[in-house]
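*Asks:* Let me see the structure of the following:
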Amino acid sequence: MNSKEKTVLVFLTVTLLVGAGVGAYNKVRVAKQRENSPISVQHQADTAQAVVLPLDLNKAQRHELEALPGIGPELARRIVAYRERVGRFRRADELLKVPGIGPKRYAALRELVTAGAQSPDFEPEATDPQPE
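*Replies:* So this is what the prediction gives:
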C-alpha cells in the first residue's frame, strides 16, 4: 500500500468516525427532547409532536386522542364522531356516553382531558338573563 492509498484510507476512516459520532449525538439529543415533552405522538410521516395536557376534547384531533392511555385509533374515531354528531363536550364526563368508554377508562382519563372550560379561548354560550 503506497502513501496515497494510506492517506485516503485514513481520510475515509476519520470521515466514518465523525459521521458515527454526529449520528450518536443526534440520537441522544432527540431522546432528551422526547423525555422533556409531556407525550410524544408518532404521525404518519414519523415525526414526533408533543400533546399538551390536559387535552381539550372539543379541539383534539384523532392522533392527539390516540396519545391518551387506553385510546386507540378506533376509540379516537368514536370520540370525534360523537363530538361531530352531538356537538361540543360540555363536561369531560360526557366521555362516558362514547361507546367503549366506561367508568374504569374514564377514571384513567379524568385528569388528562378537559371540555374546554379551562381553555383560554373558551367562550360560554349566551344565556338569557335571570328575571329579578
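
*Asks:* Show me the shaky parts of the chain.
*Replies:* For the chain, the stretches flagged by pLDDT under 70 are 33-50, 117-132.

*Asks:* domain assignment for it?
*Replies:* Residue ranges for the domains of the chain, per automatic domain parsing: 3-36, 48-114.

*Asks:* Present the ones you listed as TSV; the columns should include mean neighbour count.
*Replies:* C-beta coordinates here come from the backbone N, C-alpha and C atoms, glycine included. Shown next, in TSV, are the domains of the chain (neighbours: other Cβ atoms under 10 Å):
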stretch	mean neighbour count
domain 3-36	10
domain 48-114	16
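
*Asks:* How much space separates the residue most central in space within the chain from residue 18?
*Replies:* The centroid of the chain falls nearest to residue 51 when counting by Cα atoms, centre = their mean (3.6 Å). Relative to residue 18, residue 51 is positioned 36 Å away (Cβ to Cβ, to the nearest Å).

*Asks:* and if you look at residue 90?
*Replies:* From residue 90 across to residue 18, the span is 58 Å (Cβ to Cβ).

*Asks:* all helices for this protein, in order.
*Replies:* For the chain, helices defined by DSSP state H occupy the ranges 3-36, 62-66, 73-86, 103-109.

*Asks:* counting contacts, what elements does the shortest one pack onto?
*Replies:* Using 3 or more Cβ pairs under 8 Å, 6 or more residues apart in numbering; DSSP states H and E as the contact criterion, the secondary-structure elements in contact with helix 62-66 are strand 40-42, helix 73-86.
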